[in-house]
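# my questions concern the predicted model and sequence given below.
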There are 2 protein chains.
Amino acid sequence: MDVKTVCLGMLSDGEASGYDLKKQFESSFGHFFAAGFGSIYPALSSLADEGLVRCTDVPQEGRPDRKVYTVTDQGHQHLLKALENPAPSHKVRSEFLAMMCFAHLMRPQQIEAVLDNRLEETDRYLKMFDEFETSCMEDWPQGMKFVLGFGKAIMQTITQYIDENRHMLLEEGKSEHRTASA
Amino acid sequence: MDVKTVCLGMLSDGEASGYDLKKQFESSFGHFFAAGFGSIYPALSSLADEGLVRCTDVPQEGRPDRKVYTVTDQGHQHLLKALENPAPSHKVRSEFLAMMCFAHLMRPQQIEAVLDNRLEETDRYLKMFDEFETSCMEDWPQGMKFVLGFGKAIMQTITQYIDENRHMLLEEGKSEHRTASA
DNA sequence: CGCAACATGTAAGCGGTTACATGATTAC
DNA sequence: GTAATCATGTAACCGCTTACATGTTGCG
């Protein structure tokens, strides 16, 4: 399940351009699968080369041609095969948690800043999820709703956990730094 | 915050070999920062080249020399600088969630298998966390406890969410595949 | 006037994964 | 006997990120 496969999946919900897919990667897929233009465009070219998608050029005035991609039968088959993996990965790479492991080496101010930034990002996601719910979610397949709910549950847990446990990092652990300035 | 910096941080809690660090990457850091030998050994060499750690060879019988690394003053300063980043990242890359977005293209059996595998992995982590709590957690710095609790909260949320919402993916969405064999 | 949105791409580079290479000891 | 643990490394590869390159339209 690399960027290519996810693009193929997105296209199986309806034709789209690379630019369109980017927007989807930023919004509904943003919290668990990031991808930039530098991944998407080559992915689409490659899918086209393999005959898994077909590309239609839609000429436009004052802009580059819009390249609209559609899944082929072969592409659909390929997608179904990719979905047969019974143990797909779920990986977290968190500088945030790594940093918090060494909180005893940081000043309380720094820790607070890091925590607040994390809460902010989490909140941005929660707000985005709310917008989805009040607008476009109706016509989504069940899977997308499941994934949205998953993201929401995680973000709520993070918010709550930080709120309830930030004191752990601030109260003690002044052994190394002492609170005052050196 | 790459593997190098995390290694530096781990070493700041006490000297260790690459092999020791690997074990830490698998256990306490496993759920948010994976690293294999192929990343760790080059990272340590590089840290040593830059003078951020010092390496002591401990000869052994029947094994390669154990190379024990210690943080230098310079290394400590470097670590403190790395910890000044006020907005460390927290990234998820989930084939699992990507796949669930396209659950309507999968057979119920497949979906169940994927869900069960996810629950299993989550459970493995929860059991590991429990072991930490009943044994070695006492002497950990507050930050490590915070991170452990964070992981536990997330894993519990995932478990609960899947249990409570798996029906979403199974009940309907039979539009594309139909339940029976084609 | 400047910035965001629209629209597509290339190429270098980086960081991490995987596979390979070696080999003794200990526990089942 | 066979697997796991101890112990270190290299090198190829892969996939993604970042920066570069280009240009129009429309809004505030």
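Nice, I can see it.
# so is stretch A:71-80 next to chain B?
Yes. Using Cβ under 8 Å from any Cβ of the partner chain, stretch A:71-80 reaches chain B at A:79, A:80. C-beta coordinates here come from the backbone N, C-alpha and C atoms, glycine included.
# so how far is that stretch off the chain centroid?
24 Å (Cα atoms, centre = their mean, to the nearest Å).
# in it, what's buried?
A:71, A:72, A:75, A:78, A:79, A:80 (16 or more other Cβ atoms under 10 Å in any protein chain shown).
# for the residue of chain A found nearest DNA strand C, grab the count of nearby residues.
DNA strand C sits closest to residue A:19 of chain A, with a gap of 3.0 Å, by Cβ to the nearest atom of the strand. Around residue A:19 there are 14 other residues, counting by other Cβ atoms under 10 Å in any protein chain shown.
# how much space between the nearest residue to it once chain neighbours are set aside and DNA strand D?
Nearest non-adjacent residue to residue A:19, counting by Cβ to Cβ, 6 or more residues apart in numbering or on different chains: residue A:66, 7.8 Å away. Using Cβ to the nearest atom of the strand, to the nearest Å, one gets 11 Å for the distance from residue A:66 to DNA strand D.
# for DNA strand C, what are the nearby residues on chain A?
A:17-20, A:23, A:37-38, A:41-42, A:44-45, A:60, A:63-67 (Cβ under 7 Å from any atom of the strand).
# got the CA coordinates for stretch A:127-147 in CSV?
Provided in CSV are the C-alpha atoms of stretch A:127-147 (Å, rounded to 0.1, in the frame of the first residue of the first chain):
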residue,chain,number,x,y,z
LYS,A,127,-12.4,20.9,13.4
MET,A,128,-11.8,19.4,10.0
PHE,A,129,-13.6,16.2,11.0
ASP,A,130,-16.6,18.2,12.2
GLU,A,131,-16.8,20.0,8.9
PHE,A,132,-16.9,16.7,7.1
GLU,A,133,-19.7,15.5,9.3
THR,A,134,-21.8,18.5,8.8
SER,A,135,-21.4,18.6,5.0
CYS,A,136,-20.1,15.9,2.7
MET,A,137,-20.1,12.8,4.9
GLU,A,138,-23.6,11.6,3.8
ASP,A,139,-22.4,10.3,0.4
TRP,A,140,-19.2,8.6,1.7
PRO,A,141,-18.9,4.9,1.7
GLN,A,142,-19.0,3.2,5.2
GLY,A,143,-15.3,2.7,5.1
MET,A,144,-14.6,6.4,4.9
LYS,A,145,-16.9,7.0,7.8
PHE,A,146,-15.2,4.3,9.9
VAL,A,147,-11.8,5.9,9.1
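# so which bits of that stretch are buried?
In stretch A:127-147, counting by 16+ other Cβ under 10 Å, buried: A:128, A:129, A:132, A:140, A:141, A:142, A:143, A:144, A:145, A:146, A:147.
# per-residue confidence at the third one?
Just to be clear, that refers to residue A:132. Confidence at residue A:132, expressed as pLDDT, is 92.
# I'd like the next helix or strand past the strand or helix carrying it.
Using DSSP states H and E, residue A:132 maps to helix A:108-134. Next helix or strand after helix A:108-134 toward the C-terminus (DSSP H and E): helix A:142-171.
# tell me the angle that next one makes with helix A:108-134.
Put simply, helix A:142-171 runs at 160 degrees to helix A:108-134, going by axes from the mean of the first three to the mean of the last three Cα atoms, to 10 degrees.
# which parts of helix A:142-171 are buried?
Those would be A:142-155, A:157-159, A:161-162, A:165-166, A:168-169, for helix A:142-171 by 16+ other Cβ under 10 Å.
# out of the buried residues of stretch A:127-147, which comes closest to residue B:84?
Using Cβ to Cβ, residue A:128 comes nearest to residue B:84 of these, at 29.0 Å.
# the residue lying closest to the closest one once chain neighbours are set aside: neighbour count?
Among residues not flanking residue A:128 along the chain, residue A:27 sits closest, at 6.7 Å (Cβ to Cβ, 6+ apart). By other Cβ under 10 Å, the residues close to residue A:27 number 13.
# from chain B, how far off is residue A:27?
As judged by Cβ to the nearest Cβ, to the nearest Å, residue A:27 and chain B stand 13 Å apart.
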